[in-house]
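*Asks:* A predicted structure for the sequence below; I have some questions about it.
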Amino acid sequence: MARVDGEKPAGSGRAARAAKGLRRLWPLVLMAWERWQALSPDEKERFKRRAREYAEKGRRAVEERRGRRRP
C-alpha cells in the first residue's frame, strides 16, 4: 500500500532485498573461505587447474555453438 506522501515504506526495494540476500549468503562465503585457507598449496593448485580446464571447456562449447548458428 502506497503512503500518502508517495514514498515507499522503509525496508522495501532493491537495497532491502540485496541486504537480505547478503545476510543469507555471508555464512556460506565465510565457510568457503575457511575451507580454501585450510587446503595445502598443492591442493589449491590442483583446484585452480581444474577450474581453468572447466572454464576453457565452457568457452569452447560456447564458441562451437556460436559457430553453428552463423550462416
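*Replies:* All right, it came through fine.
*Asks:* show me what the helix ranked longest in the chain is packed up against.
*Replies:* Using DSSP state H to assign secondary structure, the helix with the most residues in the chain is helix 41-69. Identification of packing neighbours for helix 41-69 by 3 or more Cβ pairs under 8 Å, 6 or more residues apart in numbering; DSSP states H and E yields no helix or strand. Yep, even glycine has a C-beta here, placed from its N, CA and C like the rest.
*Asks:* show me which residues of that helix are buried.
*Replies:* Within helix 41-69, no residue qualifies as buried by neighbour count (16 or more other Cβ atoms under 10 Å).
*Asks:* for Leu39, phi and psi?
*Replies:* Note on Leu39: backbone dihedrals following degrees, to the nearest 10 are phi -70, psi 150.
*Asks:* that one against Lys48, yeah?
*Replies:* No - between Leu39 and Lys48 there is no contact, the gap being 10.4 Å when judged by Cβ atoms under 8 Å.
*Asks:* per-residue confidence for Gln37?
*Replies:* At Gln37, the pLDDT value in this model is 97.
*Asks:* name the secondary structure element that contains it.
*Replies:* In this structure, Gln37 sits in helix 14-38 according to DSSP states H and E.
*Asks:* next, the angle helix 41-69 makes with that helix.
*Replies:* 130 degrees (axes from the mean of the first three to the mean of the last three Cα atoms, to 10 degrees).
*Asks:* where does pLDDT dip in this structure?
*Replies:* In the predicted model of the chain, residues 1-11, 68-71 satisfy pLDDT under 70.
*Asks:* same thing but 90
*Replies:* Per-residue confidence for the chain (pLDDT under 90) gives these ranges: 1-13, 66-71.
*Asks:* now stretch 19-29: buried residues?
*Replies:* Within stretch 19-29, not a single residue qualifies as buried, counting by 16+ other Cβ under 10 Å.
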